[in-house]
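[1] I would like to see how this sequence folds:
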Amino acid sequence: MGIYVNPGKASFQEAINSEIYVDKSGLIAYINGVIRTQQKNLCVSRPRRFGKSMAANMLAAYYSRGCDSSRLFSGLAIEGEESFPMHLNRHNVIRWDVQRFLESKSGYDRFINDIEDMVIRDLKKEFPECGDFPEGSRLKTVLDEVYGQTGQGFVFIIDEWDCVFRMAKKREEMQKAYLDFLRGLFKGAEYVELAYMTGILPIKKYGEHSALNIFEEYSMLDSAELAMFFGFTEEEVHGLCTSTGMDFQDVERWYDGYLMNGIHIYNPKSVVDAVRRGKCRSYWTGTETYEALKVYIDLDFDGLREAVVGMLGGARCRVDATTSQNDMTTFKTKDDVLTLLIHLGYLAYDEDTEEAFIPNQEIAQEYMRAIKVGGWGGLTEALNCSEELLRSTWALDGEAVAAGMSAIHDETASLLKYNNENSLTCTVLMAYYSTKAYYMNPIMELPSGKDYADVVYLPKRGIGRPALVVELKWNKSARGAIAQIKDRQYAAWIADYTGDILLVGISYDKKSKEHACLIETWRKT
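    This next block holds a predicted model:
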């Protein structure tokens with residue numbers, strides 16, 4: 001066994017030995033199904049601490065020759081699969097972590113050579129029968145030679161594959177050289193039995209340098225069959241809460257929200273820390289300063305701040321992810337920024353609707369930290385007023401709600417253009433920010449033309465608060481908003497809700513720059 005060639009099982013042994021281990025060995029069955037097929041090249045991208053390295057260590061332990069890993073997998077899901085004994089410790093594995101070669105800027109200019117030299121050194125030890133390789137040999141040449149003499153192929157496992165694009169953000173020539181290296185290593189090579197890469201970013205697009213299209217990609221935008229293997233599923237989290245006495249609803253509020261292939265996925269780092277320490281708080285976001293998020297949400301793209309404000313209020317934002325270059329520097333539209341935030345885990349993504357949203361309390365807190373130091377006008381103060389405004393709504397005090405809306409508008413005038421219904425919607429979502437404690441995410445009925453926008457808040461189970469049906473009017477009356485709710489029967493579709501339903505009509509007069517609000521209790525007729 002070597003450091004890079006057939007590295008063995010020690011790293012995965014640590015995961016198994018840990019206080020909390022959640023079995024993700026089902027991934028192996030899927031990978032076994034693609035070895036030596038046209039789908040043998042996989043790139044899995046997920047945010048930090050979503051189990052990527054653990055999965056890479058597991059695969060290395062399972063496939064590596066020169067060790068016996070059978071006990072490690074005893075009792076795990078993969079043990080019952082037909083393919084389990086067929087590949088157990090029967091492959092030559094080449095594994096490296098790119099970050100180890102980029103620990104200082106002094107290594108940037110020769111990290112590719114360093115990777116090749118270290119792997120070739122291990123290959124010499126592993127295959128002495130192939131003789132010595134000439135000084136300065138390229139890795140792909142050596143692998144061709146080994147394969148030609150022994151007929152043995154290789155399973156490649158590359159962790160932090162995208163580290164180059166995250167640490168050397170502006171070194172474009174270096175990035176292109178790295179993509180050329182990977183392309184030369186894998187494309188059309190007979191010695192490749194499997195190429196498995198993990199990172200935070202999907203494969204970088206570089207025109208003709210995007211020729212790594214041999215890879216099947218599994219990202220935060222499209223996780224396909226691998227969704228359940230990275231992050232914890234709801235069932236797994238429920239089991240951990242049951243066994244440790246944690247309040248599942250509390251854990252759900254803090255860490256649920258990522259939606260992949262229709263499956264609710266939780267951040268495993270946060271859940272494990274919460275269960276071990278017996279309390280929910282921001283654990284994942286604590287591993288990186290809020291400055292990292294602030295840099296992106298402060299970018300000056302039209303509509304970006306409105307989108308963030310709306311999502312803080314629980315709304316969703318339509319995202320066109322097709323224009324993203326999958327790096328951390330090339331931004332042409334707000335969609336490019338939002339796409340990056342999805343890959344970084346600061347936004348969740350609904351594949352069916354192509355919408356982004358803030359997934360949970362943990363991530364919402366990170367946005368609030370970034371906003372406090374980001375020059376976002378009075379947004380923090382506006383959100384702090386939300387609880388009082390919500391209580392005024394419950395008390396049917398339309399004047400107090402209108403006054404609260406005006407104050408929030410004044411605080412955030414520098415953030416929102418406030419010239420159409422969408423800006424009014426953002427103000428309302430900010431105003432009702434505190435509904436997160438009592439209500440599910442707002443249900444948005446998008447405008448028909450530019451006449452109206454509806455927001456419906458349904459209370460969480462057991463909260464005992466009224467449902468809210470909010471109708472917004474731009475340059476029209478609040479009374480007209482209430483009439484429209486009634487005439488078009490917006491409340492009728494939640495008529496089966498057994499508690500009270502409040503109709504909230506909010507208007508803004510552009511000329512007088514005043515808000516008005518009427519609130520009524522709805523009665524089923």
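[2] E103: neighbouring residues, count only.
    10 (other Cβ atoms under 10 Å). C-beta coordinates here come from the backbone N, C-alpha and C atoms, glycine included.
[3] now do the same for it: helix, strand or coil?
    Counting by DSSP: H, G, I helix; E, B strand; the rest coil, the backbone at E103 sits in coil.
[4] cool, and A195?
    A195 ends up strand, using three-state DSSP.
[5] what sits against it?
    If you count contacts by Cβ atoms under 8 Å, 6 or more residues apart in numbering, A195 has them with 40-42, 156, 158, 186, 215.
[6] now, those residues that are in strands?
    If you go by DSSP state E, the contacts of A195 have 41-42, 156, 158 in strands.
[7] adding pLDDT and neighbour count, write the residues you listed out as TSV.
    Converted to TSV, these look like this (pLDDT from 0 to 100; neighbours: other Cβ atoms under 10 Å):
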residue	pLDDT	neighbour count
N41	96	21
L42	96	18
F156	98	25
I158	97	22
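[8] find the centremost residue of this structure, please.
    Nearest to the mean C-alpha position of the chain, counting by Cα atoms, centre = their mean, stands G345 at 3.0 Å.
[9] hang on, the earlier thing: distance to D320 for the contacts of A195 - can I get that in a markdown table?
    Formatted as a markdown table, the contacts of A195 follow (distance: Cβ to Cβ, whole Å):
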| residue | distance to D320 |
| --- | --- |
| K40 | 31 |
| N41 | 27 |
| L42 | 25 |
| F156 | 33 |
| I158 | 30 |
| F186 | 30 |
| F215 | 22 |
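[10] what's the most distant pair in those residues?
    Of all pairs drawn from the contacts of A195, the widest gap by Cβ to Cβ lies between K40 and I158 and measures 13.7 Å.
[11] lowest confidence element among the helices and strands of this structure?
    Every helix and strand of the chain was ranked by mean pLDDT, DSSP states H and E. The lowest is strand 443-445, at a mean of 77.
[12] the helices in the stretch 351-500 of the chain, which residues?
    For the stretch 351-500 of the chain, the helices defined by DSSP state H, counting those that start in this stretch cover 361-372, 379-384, 386-394, 398-411, 421-431, 478-487.
[13] average pLDDT across the longest one?
    Right, helix 398-411. Taken as a whole, helix 398-411 has a mean pLDDT of 91.
[14] R95 falls within a strand, correct?
    Yes: secondary structure assignment places R95 in a strand (three-state DSSP).
[15] I'd say the residue nearest to the centre of the chain and K52 touch.
    No: assessed by Cβ atoms under 8 Å, G345 is found out of contact with K52, at 11.8 Å.
[16] what sits in contact with each of those two?
    By Cβ under 8 Å, 6+ apart, the residues touching both G345 and K52 are R46.
[17] quick one: which helix or strand includes the nearest residue to N57 once chain neighbours are set aside?
    Spatial nearest neighbour of N57, chain neighbours left out: S11 (3.9 Å); criterion: Cβ to Cβ, 6 or more residues apart in numbering. Element membership of S11, judged by DSSP states H and E, is helix 10-17.
[18] helix or strand right after that helix?
    Later in the chain than helix 10-17, the nearest helix or strand by DSSP H and E is helix 26-32.
[19] ok, the nearest residue to T330 once chain neighbours are set aside - how many residues close by?
    The spatial neighbour of T330 that comes closest, neighbours along the chain excluded (Cβ to Cβ, 6+ apart), is D336 at 7.1 Å. Number of residues near D336 (other Cβ under 10 Å) recorded here: 23.
[20] do G499 as well
    12.
[21] compute the first-to-last residue distance for stretch 212-225.
    Its first and final residues considered, stretch 212-225 spans 21 Å by Cα to Cα, to the nearest Å.
[22] buried residues in it, which are they?
    For stretch 212-225, burial by neighbour count (16 or more other Cβ atoms under 10 Å) applies to 212, 214-221, 223.
[23] quick one: low-confidence residue ranges for the stretch 401-525 of the chain.
    The stretch 401-525 of the chain contains residues with pLDDT under 70 at 419-420, 445-453, 498, 524-525.
[24] now the strands for it?
    For the stretch 401-525 of the chain, the strands defined by DSSP state E, counting those that start in this stretch cover 443-445, 453-457, 467-474, 501-509, 514-521.
[25] show me what the second one packs onto, helices and strands only.
    Right, the one you point to is strand 453-457. Strand 453-457 sits against helix 421-431, strand 443-445, strand 467-474, with contacts defined as 3 or more Cβ pairs under 8 Å, 6 or more residues apart in numbering; DSSP states H and E.
[26] got the CA positions of that strand in PDB?
    Taking C-alpha atoms only, strand 453-457 is exported to PDB below (Å, rounded to 0.1, in the frame of the first residue of the first chain):
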ATOM      1  CA  ALA A 453     -49.600  39.700  -6.000                       C
ATOM      2  CA  ASP A 454     -50.900  37.400  -3.300                       C
ATOM      3  CA  VAL A 455     -49.100  36.000  -0.300                       C
ATOM      4  CA  VAL A 456     -50.600  33.300   1.900                       C
ATOM      5  CA  TYR A 457     -49.200  32.300   5.300                       C
END
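[27] direction included, what does it pair against?
    Paired strands of strand 453-457, with direction, are strand 443-445 (antiparallel), strand 467-474 (antiparallel) (DSSP bridges).
[28] can you list the ones you listed in CSV and add mean neighbour count and distance to L76?
    Shown next, in CSV, are these (neighbours: other Cβ atoms under 10 Å; distance: least, Cβ to Cβ, whole Å):
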stretch, mean neighbour count, distance to L76
strand 443-445, 15, 41
strand 467-474, 24, 46
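[29] of those strands, which is nearest S18?
    Relative to S18, the nearest member of those by Cβ to Cβ is strand 443-445, separated by 40.4 Å.
[30] now render the helices and strands packed on strand 453-457 as JSON lines, adding distance to F248.
    Formatted as JSON lines, the helices and strands packed on strand 453-457 follow (distance: least, Cβ to Cβ, whole Å):
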{"stretch": "helix 421-431", "distance to F248": "27"}
{"stretch": "strand 443-445", "distance to F248": "24"}
{"stretch": "strand 467-474", "distance to F248": "24"}
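[31] neighbours around E354, how many?
    15.
[32] give me the pLDDT for it.
    The pLDDT attached to E354 in the predicted structure is 94.
[33] how about the strands in the stretch 51-200 of the chain?
    Per DSSP E, counting those that start in this stretch, the stretch 51-200 of the chain has strands spanning 92-97, 154-159, 192-199. These are given in chain order.
[34] now the ones you listed in a markdown table, with distance to R277?
    Converted to a markdown table, the strands of the stretch 51-200 of the chain look like this (distance: least, Cβ to Cβ, whole Å):
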| stretch | distance to R277 |
| --- | --- |
| strand 92-97 | 28 |
| strand 154-159 | 27 |
| strand 192-199 | 27 |
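[35] closest to R36 out of those strands?
    Between R36 and the strands of the stretch 51-200 of the chain, the tightest spacing by Cβ to Cβ is seen for strand 192-199, at 5.4 Å.
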